[in-house]
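Peer 1: how would this look folded up:
(one chain, ligands or ions: 1)
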Amino acid sequence: MVTTDTPISLSVATLEESYDIIAPKIPEIVDRMYTRLFELAPRVAQIFAGRDPSKQLRTVHVLRDSFDDLSALTPELEALGARHATWGVQQQDYAIMGPILLEAMAASVDPYWRSEYTTAWAALFQTVEDIMLRGAARAQTPATAG
Ligand code: HEM
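Peer 2: Here you go, the predicted structure:
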């Protein structure tokens, strides 16, 4: 069994403050993200064909209640990562999506966005990505004895 052994340390106060600003803008953030994704990475954008991108940013709401203890969400995030792998989402796609998400957030609340929000959300995204990719890798690796 793999669990998160070390506490996940994030800038909780900064995330909470910025969350309050971006929460009402989530529909606009989703629009901006997918417009940009289609421009920058059509191959990745194609993975969304016929799907509902807005589902994705609901994660932000779920994470909101766990900024101070993300480890509680670890099993769910691992399973989410495994589902993403089945849709063809690869490790490098997260690297494309992260900056696009941060830019969309910043642009949606301009001029209230601060550089420390970018730092805090980038760390959060990286943490979530790591957990999701671990779940994806585990789901693809046949269980071995011992
Ligand atoms: C930290 C990164 C990410 C998070 C937290 C996240 C979160 C989610 C969530 C919560 C869903 C809803 C579906 C479910 O719960 O099973 C979803 C769906 C989806 N995500 Fe992500 N995602 C991330 C990264 C990515 C990346 C990099 C891609 C690249 C293409 C992607 C593509 C998709 C697609 C195609 C769906 C399917 C939507 C549907 O079923 O209609 N996601 N994501």
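Peer 1: So for this protein, the centremost residue is which one?
Peer 2: Centroid-nearest residue in the chain, with C-alpha atoms, centre = their mean: F125, separated by 4.8 Å.
Peer 1: ok, that residue touching P99?
Peer 2: No: assessed by C-beta atoms under 8 Å, F125 is found out of contact with P99, at 9.1 Å. The way it works is simple: take the backbone N, C-alpha and C, and place the C-beta from them, glycine included.
Peer 1: re earlier: distance-wise, check the residue nearest to the centre of the chain relative to I100.
Peer 2: Distance of F125 to I100, computed by C-beta to C-beta, to the nearest Å: 11 Å.
Peer 1: who in this structure is up against the ligand?
Peer 2: Taking C-beta under 6 Å from any ligand atom as the test, the list of the chain residues beside the ligand reads 44, 47-48, 51-52, 55-56, 58-59, 80, 83-84, 87, 89, 93-94, 97, 125, 128-129, 132.
Peer 1: Mind doing that once more with 5 Å?
Peer 2: 44, 47-48, 51-52, 55-56, 59, 83, 87, 89, 93-94, 97, 128-129 (C-beta under 5 Å from any ligand atom).
Peer 1: Could you list the buried residues of stretch 33-53?
Peer 2: Within stretch 33-53, the residues that qualify as buried are 33-34, 36-37, 41, 44-45, counting by 16 or more other C-beta atoms under 10 Å.
Peer 1: Which helix or strand lies directly C-terminal to whatever helix or strand R36 lives in?
Peer 2: Using DSSP states H and E, the element containing R36 is helix 26-40. Downstream of helix 26-40, the first helix or strand assigned by DSSP H and E is helix 42-46.
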